[in-house]
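**Student:** how would this look folded up:
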Amino acid sequence: MHWETNYISQGAPRLKGGYKRDGSSHWLTRRWTGAGGRLVLGPPRRSLMRPQDPPEGGPAAAALPALETLKQRACESVELNAERLGALSRHIWSRPELAYEEHQAHDAMTRFFSSGELPGAAWAVQPRYKLATAFRAEWGTAAPQGPGPGPGPLRIAFLCEYDALPGIGHACGHNLIAEVGAAAALGLKAALESLPQPAPLAVQITVLGTPAEEQGGGKIDLINAGAFDGLDVVFMAHPSQENAAYLPDVAEHDVTVKYYGKASHAAAYPWEGVNALDAAVLAYNNLSVLRQQMKPTWRVHGVIKNGGVKPNIIPSYTELEFYLRAPSTRDLSVLTEKVENCFKSAALATGCKVEIKGGENDYYNVLPNKSLQKAYQENGKKLGIEFISEDAILNGLSGSTDFGNVTFVVPGLHPYFYIGSDALNHTEQYTEAAGSQSAQFYALRTAKALAMTALDVIFKPSLLDEVREDFRQVKLKEEGQINPVEPNKESGIGIGACASH
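**Tutor:** So this is what the prediction gives:
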């Protein structure tokens, strides 16, 4: 007798726009064959195989490889908790809160992990962890028996975002990020709790609630506060229009420019004034001319936030805000210098004074980890996820995220996942999609793939070694390029926009 893995293609959930099929909506099922064996087809509503029921005629441990059994248990746990996970996501989605103000989301997340209704042993929850709207939840396995103290635990972390955008709510689907992080952590915990004996090494699962991705860089605040110290691997998944194990999210520099002139009557005594609006317009036009010399991978976009008071008053003050993006911090330093020269020359030409100020936090590009990406793709394909091609990854659009900073201090995986809608992030249509029931199918499937990949990291020592070596090599290469700009001075790399923008 034996077990066979089968992938039965099913239609993806229906949206208002019709029947959406991305070619990747498969359900993992198991078929047991042997004397009196029976075939089970179709998507079970809750679990794929109940942990307490071994196949007829023999124990489950003898029927499946140990690691595959654990992956199955992780998937079952995600399915078993689907209703409470969906309720958590809907709660956050229906109460959008801006960066550093996510008090209701924080409370919902900490209640979730403190709930006695969750299966298994309790989580140790720290509300308001280092930031008012951050949290930390932890659970760990016992250390294996043996002489001596043994090595410390392997520390696996899942990150949850939950801040929204002004005016349009969860238009980047951060409610789903929170749900996926929580679901993956529950799945991994359930798999480890199902072991009949302690794992070969102790494991600690950490869930970090990381506020303020859209504005400010909450993960950077937490890095500086030591929240990521001692972690071995970090996972987080972001909603998008496609499935990708990696997208080249870029480094980002936020800058505010203020011009100071002199007010005067625009008709009677214009020569007595110094026009700050002229400086702002010249700066904007300077940047337009600069674009011919910009690399195709560079981005500069901004707005004039203050352009004056009345047409008959020469403006004495104007303010602009710009985001600068480049694939690496080295490129970003070059771009920053060119852009700042555009701002300074506009002040010189108009006789205005200029103040150029960067943000407090640097958003770095996301470092790839080929070993983690490969493992995630292999697990995702088992669940029916179809990933975009390498060419699409290299040529695709990307944004910026403070998860990039995380990948400079600990190996990390930041995949993207389709949610059943072709709407673009940061639009009202994406807000609707992020709160839809259809998105649940894709979010929970992604959580399963993350939990399965975490199990690979735990039970394949060679993979963990490869992950660490990838991290070391990529970081060394990247840090050899870095020419950091000190924040809060005349220039600085700063506040970023959302990863899928």
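**Student:** by contact count, what packs against the helix or strand where Tyr430 lies?
**Tutor:** Element membership for Tyr430, per DSSP states H and E: helix 428-434. Here helix 428-434 touches no other helix or strand, going by 3 or more CB pairs under 8 Å, 6 or more residues apart in numbering; DSSP states H and E. In short, each C-beta sits where N, CA and C put it, glycine included.
**Student:** now do it, average pLDDT.
**Tutor:** Mean pLDDT, computed over helix 428-434, is 98.
**Student:** again, but for stretch 155-171
**Tutor:** For stretch 155-171, the mean per-residue pLDDT is 98.
**Student:** what do you get for stretch 74-92?
**Tutor:** On average, stretch 74-92 scores 98.
**Student:** what of stretch 442-456?
**Tutor:** For stretch 442-456, the mean per-residue pLDDT is 99.
**Student:** tell me what His301 is bridged to.
**Tutor:** With beta bridges defined as DSSP bridges, His301 has these partners: Tyr323.
**Student:** need the pLDDT of it.
**Tutor:** What the model reports as pLDDT for His301 is 95.
**Student:** one more: the one 3 residues further on?
**Tutor:** According to the prediction, Ile304 has pLDDT 97.
**Student:** over to it. Which of the three states is it?
**Tutor:** Secondary structure, DSSP: H, G, I helix; E, B strand; the rest coil: Ile304 is strand.
**Student:** pretty sure it is touching Glu319, no?
**Tutor:** Yes: using CB atoms under 8 Å, Ile304 is in contact with Glu319, at 7.5 Å.
**Student:** list residues touching both of the two?
**Tutor:** Residues touching both Ile304 and Glu319 by CB atoms under 8 Å, 6 or more residues apart in numbering: Ala280.
**Student:** ok, now which ones touch the nearest residue to Thr110 once chain neighbours are set aside?
**Tutor:** Excluding the flanking residues, the one nearest Thr110 by CB to CB, 6 or more residues apart in numbering is Pro127, at 4.6 Å. Contact analysis of Pro127 by CB under 8 Å, 6+ apart lists 106-107, 110, 135.
**Student:** and Arg299, by the same measure?
**Tutor:** 250, 323-326.
**Student:** out of those residues, the closest to Leu444 would be?
**Tutor:** Comparing these against Leu444 with CB to CB places Val250 closest, at 29.4 Å.
**Student:** neighbours of the closest one, just the number please.
**Tutor:** Residues near Val250, counting by other CB atoms under 10 Å, number 27.
**Student:** now do Phe441
**Tutor:** 18.
**Student:** what does Tyr418 give?
**Tutor:** Around Tyr418 there are 24 residues (other CB under 10 Å).
**Student:** I'd say it and Ser240 touch.
**Tutor:** Yes: with contact defined as CB under 8 Å, Tyr418 counts as touching Ser240 (6.7 Å).
**Student:** low-scoring stretches of the stretch 351-500 of the chain, by residue?
**Tutor:** 396-397, 481-500 (pLDDT under 70).
**Student:** now do the strands in it.
**Tutor:** In the stretch 351-500 of the chain, the segments counted as strands under DSSP state E, counting those that start in this stretch are 353-358, 412-413, 416-418.
**Student:** what strands line up against the shortest one, and which way round?
**Tutor:** What that stands for is strand 412-413. Partner strands and pairing direction for strand 412-413 (DSSP bridges) are strand 233-235 (parallel).
**Student:** how near is Leu394 to Pro368?
**Tutor:** From Leu394 across to Pro368, the span is 11 Å (CB to CB, to the nearest Å).
**Student:** just checking, Leu186 touches Arg84?
**Tutor:** No: with contact defined as CB under 8 Å, Leu186 does not reach Arg84; the gap is 9.3 Å.
**Student:** now the common contact residues for those two.
**Tutor:** Taking CB under 8 Å, 6+ apart as the contact rule, Leu186 and Arg84 both touch Leu118.
**Student:** for His414, grab phi and psi.
**Tutor:** phi -130, psi 70 (degrees, to the nearest 10).
**Student:** and it, how many neighbours?
**Tutor:** Neighbours around His414, by other CB under 10 Å: 27.
**Student:** ditto for Tyr416
**Tutor:** Neighbourhood size, Tyr416 [other CB under 10 Å]: 25.
**Student:** ok so, going back, so between Leu186 and Arg84, which is more surrounded?
**Tutor:** Ranked by neighbour count (other CB under 10 Å), Leu186 and Arg84 place Leu186 first, with 29 against 16.
**Student:** can you pull the contacts of that one?
**Tutor:** 77-78, 81, 85, 118-119.
**Student:** as CSV, the contacts of Pro127 with secondary structure and distance to Thr350 would be great.
**Tutor:** CSV is the format used below for these (DSSP: H, G, I helix; E, B strand; the rest coil; distance: CB to CB, whole Å):
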residue, secondary structure, distance to Thr350
His106, helix, 47
Asp107, helix, 50
Thr110, helix, 53
Phe135, strand, 49
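**Student:** just the buried members of those residues?
**Tutor:** Applying 16 or more other CB atoms under 10 Å to the contacts of Pro127, the neighbour count classes 106, 110, 135 as buried.
**Student:** including pLDDT and distance to Ala268, could these go into a markdown table?
**Tutor:** Below are the buried ones among the contacts of Pro127 laid out as a markdown table (pLDDT from 0 to 100; distance: CB to CB, whole Å):
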| residue | pLDDT | distance to Ala268 |
| --- | --- | --- |
| His106 | 99 | 56 |
| Thr110 | 98 | 63 |
| Phe135 | 99 | 61 |
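**Student:** out of these, the closest to Phe343 would be?
**Tutor:** Distance to Phe343 across these (CB to CB) is lowest for His106, with 38.1 Å.
**Student:** Three-state assignment for the closest residue to the closest one other than its chain neighbours, please.
**Tutor:** The shortest distance from His106 to any residue other than its chain neighbours is 4.4 Å, reached at Thr133 (CB to CB, 6+ apart). Here Thr133 is coil, with the state taken from three-state DSSP.
**Student:** how about the one 5 residues further on?
**Tutor:** Counting by three-state DSSP, the backbone at Glu138 sits in strand.
**Student:** do I have it right that it meets Lys189?
**Tutor:** No: Glu138 lies out of contact with Lys189 (CB under 8 Å); the separation is 10.4 Å.
**Student:** in terms of neighbours, single out the busier of these two.
**Tutor:** Between Glu138 and Lys189, Lys189 has the larger neighbour count (other CB under 10 Å), namely 24 against 17.
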